Each structure stands twice: as structure tokens, then as C-alpha cells.
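J.: Test case, fold it:
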Amino acid sequence: MVTVSEINRKVSSLPVKALEELEKYIEFLTYKHGDWSIELSEEQNLSLQRGLLEMDNNHIVPHEDVFSSNSQIMIN
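T.: Numbering: from 1, shown residues only. Reported below is the predicted structural model:
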């Protein structure tokens, strides 16, 4: 298992250009493992909730059916 001191030692030996890349990657990891939903608008959150409710109520259509040329499904 890696330790913080090992990472610090490695980071301290990096050139400045690499530090800039590392900072961007750390920001990406923070976003990836954080709560991205706080950045959504109220409308986006409501849309997400409606979608989850539709899934819970089995109001779903397989994507194969939606994209098939013979599909009779109407999307509102």
C-alpha cells in the first residue's frame, strides 16, 4: 500500500511542468470521486429524479427497441 510520504517524496522530485499536469489530474480525481451532483442545476436534478422514478416504476424501453427501424415507440 502506498503512503502519503512516498507520494510526497515522488512529487517533490518532479519538474515544474509535471507538477502542473499532476495538479490537473488531482482536480480530475477530486471531481471523479466527489459529489458531482452538487454542480447540477435544479432542472437537471428534477430530470434525474424523474428518470429514476420512471426506472423504479418499470417505465423503461430497451435502447435496442428505441433505435430499431421497426419501432412503434413514440418519444415525447
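J.: Name the SS class of Leu52, please.
T.: Assigned by DSSP: H, G, I helix; E, B strand; the rest coil, the conformation of Leu52 is helix.
J.: That one: neighbour count?
T.: Per other C-beta atoms under 10 Å, the neighbour tally for Leu52 reads 10. No exception for glycine: its C-beta is placed from N, CA and C like everyone else's.
J.: contacting residues for the most centrally placed residue in the chain?
T.: Nearest to the geometric centre of the chain sits Lys32, at 6.1 Å (C-alpha atoms, centre = their mean). By C-beta atoms under 8 Å, 6 or more residues apart in numbering, no residues touch Lys32.
J.: Give me the distance between the helix or strand hosting it and the centre of its chain.
T.: Using DSSP states H and E, the element containing Lys32 is helix 16-33. Its chain's average C-alpha position is 16 Å from that of helix 16-33, according to C-alpha atoms, centre = their mean, to the nearest Å.
J.: do the same with stretch 60-69
T.: With C-alpha atoms, centre = their mean, you get 24 Å for stretch 60-69.
J.: repeat for stretch 48-65
T.: Per C-alpha atoms, centre = their mean, the displacement of stretch 48-65 from the mean C-alpha position of its chain is 19 Å.
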